[in-house]
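Visitor: sequence plus predicted model, see below.
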Amino acid sequence: MKAKLGLDVFKPAAEPHIRIRQGMEKDPRLKPAIRVCPAGLYSENERGEVILTIDGCLECGTCRLVCGTEILDWNYPPGGNGVQYRFG
Ligand code: SF4
């Protein structure tokens, strides 16, 4: 899996295209994102807050489906930014 992900190219946008809404970092509805994100971008810090590192996002939308839009502000990156898949 990691070898396949390593083929992809990411062009970060000026602003992150996914944000955890303010005050939702400890919400239990956010915790499943740690397990379901295929790129492993969600983690939990020592204070029990879920944090998101956006670089490497595959734009699959799984976190949005699982956590919901009350928890996540999820948008596709502006044109030309984000992931470029390289199949090989
Ligand atoms: S859209 Fe997919 S890859 Fe990006 S953070 Fe959500 S689950 Fe992870």
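Guide: Looks like it arrived, so ask away. Numbering: from 1, shown residues only.
Visitor: what's the helix or strand for the nearest residue to residue 74 once chain neighbours are set aside?
Guide: Computed as Cβ to Cβ, 6 or more residues apart in numbering, the closest residue to residue 74 that is not its neighbour in sequence is residue 64, at 4.2 Å. C-beta here means a position set from N, CA and C on the backbone, and glycine is covered the same way. Assigned by DSSP states H and E, residue 64 falls within helix 62-67.
Visitor: may I see the buried residues of that helix?
Guide: 63, 64, 66, 67 (16 or more other Cβ atoms under 10 Å).
Visitor: list the contacts of it.
Guide: Counting contacts by Cβ atoms under 8 Å, 6 or more residues apart in numbering, the residues outside helix 62-67 that touch it are 18, 29, 30, 32, 33, 36, 37, 38, 42, 72, 74.
Visitor: mind doing that once more with 10 Å?
Guide: For helix 62-67, contacts defined as Cβ atoms under 10 Å, 6 or more residues apart in numbering pick out 18, 20-21, 24, 27, 29-39, 41-42, 50, 52, 57, 71-75.
Visitor: helices or strands up against the next helix or strand after it?
Guide: Following helix 62-67 in sequence order, the next helix or strand is strand 72-74 (DSSP H and E). Judged by 3 or more Cβ pairs under 10 Å, 6 or more residues apart in numbering; DSSP states H and E, strand 72-74 is in contact with strand 18-20, helix 62-67.
Visitor: please list the residues outside the worst-scoring helix or strand of the chain on mean pLDDT that contact it.
Guide: Confidence across the helices and strands of the chain bottoms out at helix 2-5, with a mean of 76, counting by mean pLDDT, DSSP states H and E. By Cβ under 10 Å, 6+ apart, the residues outside helix 2-5 that reach it are 38, 39, 40, 56, 58, 83, 85, 86, 87, 88.
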